[in-house]
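Colleague: Predicted model, plus sequence, below.
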Amino acid sequence: MRITELLDKKSISLEAAPKSKNECLDMAVDLMAASGKLTDKEAYKKLVYAREEESTTGVGEGIAIPHGKGDCVSKPGLAAMVIKDGVEYEALDDEPVNILFLIAAPDTEDNVHLDVLSKLSMMLMDEDFRNNLINAKDADEFLSIIDKADEERGSVDESLAETSIADDDSDGLKVVAVTSCPTGIAHTYMAAEGLEKAANKAGIKIKIETRGSSGAKNVLSDADIEAADCVVVTADSKVPMDRFKGKKLIQRKVADGINKADEIMGIVKEGSAPVYSGGGSEEVAESSEDKGSAGHKVYTWLMNGVSHMLPFVIGGGILVAIAFLIDTIAGYGASGGGDFGSITPLAALLKYIGGLAMGLMVPVLAGYIAYAIADRPGLAVGFVGGMLASSGNALLSGYTFAEGALVDGKALGGFGEFLSKFAFQQPNGGNTVSGFLGGIIAGFLAGFLVLGLQKLCANLPQALDGIKPTLIYPLVGIFLEGIIMCFILNPLIGLANTGLSNMLTAISDAGMLTVLGLILGAMMAIDMGGPINKAAYVFGVGMLTQAADYLNSGMSADDPKVVACYVSMAAIMVGGMVPPVGIALACWIFPKKFTKAERGSAVSNVVMGASFITEGAIPFAAADPLHVIPCTMVGAGVAGFLAALFKCTLMAPHGGIFVFATVGNPFMYIVSWLVGSVITCVMLGFIKRPAEQ
């Protein structure tokens with residue numbers, strides 16, 4: 001297939017003058033529609049814009065290659081625009097775009113057009129070719145320039161295969177390279193072309209493996225790698241890395257292969273590239289943004305954990321919500337008490353399965369943060385740290401040595417007494433579960449612990465390489481992670497919880513109901529199921545127990561002391577319902593503040609918020625805690641304050657729409673919930689930064 005077979009005269013504009021990036025994209029989509037290759041223009045436009053949200057398609061050198069793939073495309077096609085005065089496009093090199101090719105790809109298994117598009121991407125790296133296109137007088141000349149260059153240039157496979165170095169006995173530096181991008185249509189091959197041109201300019205022999213949409217091509221052989229003086233990987237997706245162990249290696253993002261290829265070849269000539277140790281990975285290593293800012297690295301590591309955690313939150317949370325619904329339909333919404341959601345067998349089964357899924361979210365969060373930092377060896381250490389964060393320290397009273405002696409009466413000894421006092425939670429020591437905030441800390445801790453171990457073991461004999469990832473890293477890493485979590489982080493959480501409980505009791509005893517409602521509501525939204533949230537909930541359950549004692553002693557249900565107990569529980573529950581719903585509203589009203597995956601979970605967040613499953617907000621809070629948590633905390637605090645002000649009451653130790661039958665002053669309870677959710681939504685719109693796609 002020739003490139004010009006995809007390009008119709010009707011889809012070429014040589015005098016385009018868009019004023020903005022969006023106007024540029026809209027004009028390009030109109031050109032594509034004029035070629036008759038679209039069955040639904042608006043659906044295709046949405047695909048193009050969605051791709052642009054993931055990352056800019058302005059690849060630098062004045063080139064933009066936006067694209068969309070879907071059922072709304074009847075057959076593959078191209079649209080072309082020449083913008084002689086340039087347009088600001090948020091390109092990777094921050095320069096204006098002068099030439100744009102828009103790609104339309106049908107959602108089929110037949111990807112023959114991908115090779116053609118890849119070839120065009122490589123041709124566009126030729127400055128003379130670009131200038132000839134920009135100066136074309138009409139569509140016929142434009143097509144002729146493309147056809148001539150297409151005829152003179154071999155296929156992508158032929159072009160790359162000519163650079164094999166395995167049998168090259170000539171003097172001079174030799175390099176092997178891998179290029180890859182998430183979509184694998186344009187950036188992969190433009191980076192390959194950029195590296196090849198820079199290598200030729202520097203007198204370096206190079207062979208390049210491309211990993212695009214149609215699979216890996218020109219794959220590097222063991223002989224190629226052995227012959228190479230240096231390895232260059234420019235990629236924004238995973239590539240097999242273990243084969244490069246022991247070689248000098250430069251890792252960069254794929255854009256650097258396009259825009260900074262000369263700089264990369266300069267490092268090759270200097271010989272200053274570090275030797276790749278392999279990190280114990282047998283399959284893949286992420287090779288993206290390694291030269292980015294520290295803040296970007298932290299964000300990338302954090303989002304790796306959040307993206308893997310999200311399915312556990314959504315799947316488990318909705319199953320738990322269905323369990324509550326089943327018990328409500330069965331007639332136990334008002335009378336289920338603490339067993340609500342587990343009264344009928346089907347509800348209990350769904351709550352059990354959903355609860356297990358949600359119980360995995362913190363370990364998965366921590367594990368994949370560690371994985372992003374230290375690759376596969378970080379997984380085990382991170383998972384264990386996450387488990388310790390979500391489970392807390394074991395309760396001392398559950399062991400036979402709790403009374404100070406072993407099972408046979410022998411004394412514990414000095415070291416045993418030390419462990420019993422500091423490594424375990426004391427019966428009245430407060431909750432030591434550190435929740436998702438502790439999980440984030442555990443994930444970063446695990447990742448850096450493993451990185452430290454890798455550096456310490458770098459000079460060990462090569463014969464021990466096999467046991468590093470299977471014995472040394474997990475054994476020492478898990479031990480150190482466990483010690484830090486059990487002796488430092490979790491005990492600090494216990495002390496904080498004890499102080500919070502004492503504070504809440506003092507406020508309640510002083511009769512300051514609205515202040516109590518404000519604090520309880522805010523506490524529910526700080527760590528969403530974590531220790532602060534649980535401290536508020538446990539306090540509320542204790543207040544319900546206190547109310548029962550008051551009633552048993554002869555007090556009436558209208559007594560201010562009894563009402564205060566029920567008001568506390570209402571404030572807790574409405575505060576816990578605000579974060580997921582407020583965030584869902586923000587996803588719809590302020591879509592640019594959230595990633596595509598986050599926006600896709602908005603509906604499930606409404607379901608979880610209405611079901612009093614605050615954990616639905618955790619992925620958002622984990623991804624951007626400094627901006628999201630203050631917004632959820634203020635909204636939930638206001639909701640708790642209003643619920644207390646309106647004397648809303650709740651007599652069940654649970655929340656959500658399924659127990660509204662037990663709510664006193666339900667209308668104002670709903671008003672409080674909605675007001676708090678809207679406040680969270682609006683604050684997110686003003687405070688949260690646009691999503692880093």
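Modeller: It's in.
Colleague: Which residue, other than its chain neighbours, is closest to residue 28?
Modeller: Leaving out its chain neighbours, the residue that sits closest to residue 28 by CB to CB, 6 or more residues apart in numbering is residue 102, at 4.1 Å. Bear in mind the C-beta positions are built from the backbone N, C-alpha and C, glycine included.
Colleague: any idea how far the one you found is from residue 52?
Modeller: Residue 102 sits 11 Å away from residue 52, going by CB to CB, to the nearest Å.
Colleague: Now list whatever residues contact both of the two.
Modeller: Shared contacts of residue 102 and residue 52, defined by CB atoms under 8 Å, 6 or more residues apart in numbering, comprise 25, 66.
Colleague: more neighbours, those two?
Modeller: residue 102 (25 against 21; other CB atoms under 10 Å).
Colleague: May I ask which helix or strand encompasses that one?
Modeller: Assigned by DSSP states H and E, residue 102 belongs to strand 97-106.
Colleague: That strand: partners in the sheet, and parallel or antiparallel?
Modeller: Partner strands and pairing direction for strand 97-106 (DSSP bridges) are strand 63-64 (parallel), strand 67-70 (parallel), strand 77-87 (antiparallel).
Colleague: looking at those, which one has the lowest mean pLDDT?
Modeller: The weakest mean pLDDT among the strands paired with strand 97-106 belongs to strand 67-70, with a mean of 84.
Colleague: buried stuff in it?
Modeller: The neighbour-count check on strand 67-70 (16 or more other CB atoms under 10 Å) flags 67-70 as buried.
Colleague: Now stretch 124-131: average pLDDT?
Modeller: Here stretch 124-131 scores 85 as its mean pLDDT.
Colleague: tell me the centre residue of the chain?
Modeller: Central residue of the chain (CA atoms, centre = their mean): residue 303, 2.9 Å from the mean position.
Colleague: least trustworthy helix or strand in this protein by mean pLDDT?
Modeller: Every helix and strand of the chain was ranked by mean pLDDT, DSSP states H and E. The lowest is strand 284-286, at a mean of 43.
Colleague: Show the subsequent helix or strand relative to it.
Modeller: Toward the C-terminus, strand 284-286 is succeeded by helix 294-329 as the next helix or strand (DSSP H and E).
Colleague: in that following helix, what counts as buried?
Modeller: In helix 294-329, counting by 16+ other CB under 10 Å, buried: 299-310, 312-314, 316-328.
Colleague: Dump whichever strand or helix holds residue 437 to PDB, keeping only the CA atoms.
Modeller: Element membership of residue 437, judged by DSSP H and E, is helix 435-456. Provided in PDB are the C-alpha atoms of helix 435-456 (Å, rounded to 0.1, in the frame of the first residue of the first chain):
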ATOM      1  CA  GLY A 435      -4.800   2.800  56.000                       C
ATOM      2  CA  PHE A 436      -4.200   4.100  52.500                       C
ATOM      3  CA  LEU A 437      -2.000   7.000  53.700                       C
ATOM      4  CA  GLY A 438       0.200   4.400  55.500                       C
ATOM      5  CA  GLY A 439       0.000   2.300  52.300                       C
ATOM      6  CA  ILE A 440       1.500   5.100  50.300                       C
ATOM      7  CA  ILE A 441       4.300   5.500  52.800                       C
ATOM      8  CA  ALA A 442       4.900   1.800  52.800                       C
ATOM      9  CA  GLY A 443       5.100   1.600  49.000                       C
ATOM     10  CA  PHE A 444       7.700   4.300  48.700                       C
ATOM     11  CA  LEU A 445       9.600   2.900  51.700                       C
ATOM     12  CA  ALA A 446       9.600  -0.600  50.000                       C
ATOM     13  CA  GLY A 447      10.800   0.800  46.700                       C
ATOM     14  CA  PHE A 448      13.700   2.700  48.100                       C
ATOM     15  CA  LEU A 449      14.600  -0.100  50.400                       C
ATOM     16  CA  VAL A 450      15.000  -2.500  47.500                       C
ATOM     17  CA  LEU A 451      16.900   0.100  45.400                       C
ATOM     18  CA  GLY A 452      19.300   0.500  48.400                       C
ATOM     19  CA  LEU A 453      19.700  -3.300  48.600                       C
ATOM     20  CA  GLN A 454      20.400  -3.500  44.800                       C
ATOM     21  CA  LYS A 455      23.200  -0.900  45.200                       C
ATOM     22  CA  LEU A 456      24.600  -2.700  48.200                       C
END
